[in-house]
Every structure is written in C-alpha cells, then in structure tokens.
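>>> A structural model of the following input is requested.
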Amino acid sequence: MAPAHLTRRALLDVDEIDRYSTDRWGDQVAKQHLADLFAAAERLGEMPSLLKHDDDHSSRLRFYRAREHVLICDLIEDDVFVLALRHTEMDLPRRLAELEPQLLDEARFLHGRIVDSRD
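Residues are numbered from 1 along each chain as shown. Down below sits the predicted model:
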C-alpha cells in the first residue's frame, strides 16, 4: 500500500500544532505529539480501512482520530490524502462545511500529480 500523502494545508496544520505544542508544553512533548500524528498518517497509508466515514459530516471525507486531533482525509483509488488536522474540541461540522470543497480540490490536484509521476 502507498504511504498517506499530506496536502499543503495538512502540513500547515502540522506546523501550527508544532508551534502551539512547543509553546504550551515544550519541545520534547511537541516532538512526541508530532511523531504520533505522523505515525497515524503512516498507519492510514498501510490500512485505509481504519478511516471512518460519517455521512452526517461529508459524503467523501474520511476521519481518523489520533490523540487530540482528527485527521481529515480523502481516499482516491488506493491513495490516502491527509487534507487537514483539527483538534477534537473544534466545531468540526461547521469547519468542514467551510473547508470541504477546497480540501477535495486539493486532494484531486495532488492525486493527479502523483498519477502523472507514476507514468
């Protein structure tokens, strides 16, 4: 199975989580927190079946909880795309309604680039 792909937005979220965690709990805790999030993304690449679907939130997006965050993903063919990372205390339904179209466009764009690079 292919690795999970992190979109630009997901990487920006990782940077924000890193800064917040470092400021709040220190460098060591932040590093462990990020390691756990990247391990979760790696697991998803190996086992996409771990992704949960919730029709109440989205017709396409899939979700995976890792520590205090939810990895918001899309599955295109055999490729898992981590589109964003959100804290579990966030109003996820409202944010998804705002972000979903852009997140899905980003996943399709990245998937196209990956397919082109495989050819």
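
>>> who does the one residue sitting closest to the centre of the chain form a beta bridge with?
Centre of the chain computed as the mean C-alpha position; nearest residue by CA atoms, centre = their mean is V82, 3.0 Å away. Beta bridges link V82 to L6, C73 when assigned by DSSP bridges.

>>> dump the residue contacts of it.
V82 makes contacts with A4, H5, L6, T7, A10, A41, L44, L71, I72, C73, as judged by CB atoms under 8 Å, 6 or more residues apart in numbering. Every C-beta, even on glycine, is put in place using the N, C-alpha and C of the backbone.

>>> want to throw those into a markdown table with pLDDT and neighbour count?
Shown next, in a markdown table, are these (pLDDT from 0 to 100; neighbours: other CB atoms under 10 Å):
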| residue | pLDDT | neighbour count |
| --- | --- | --- |
| A4 | 92 | 24 |
| H5 | 94 | 21 |
| L6 | 95 | 23 |
| T7 | 93 | 20 |
| A10 | 95 | 23 |
| A41 | 95 | 21 |
| L44 | 95 | 24 |
| L71 | 95 | 26 |
| I72 | 92 | 28 |
| C73 | 94 | 29 |
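
>>> what about the helices in this structure?
With helices called from DSSP state H, the chain shows them at 8-25, 27-46, 92-118.

>>> possible to save those helices as JSON lines with distance to R65?
Output for the helices of the chain, formatted as JSON lines (distance: least, CB to CB, whole Å):
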{"stretch": "helix 8-25", "distance to R65": "14"}
{"stretch": "helix 27-46", "distance to R65": "8"}
{"stretch": "helix 92-118", "distance to R65": "11"}
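
>>> between those, which gets nearest to K52?
helix 27-46 (10.9 Å; CB to CB).

>>> for this protein, give me the ranges with low pLDDT.
Within the chain, the segments meeting pLDDT under 70 span 1, 57-58, 93, 119.
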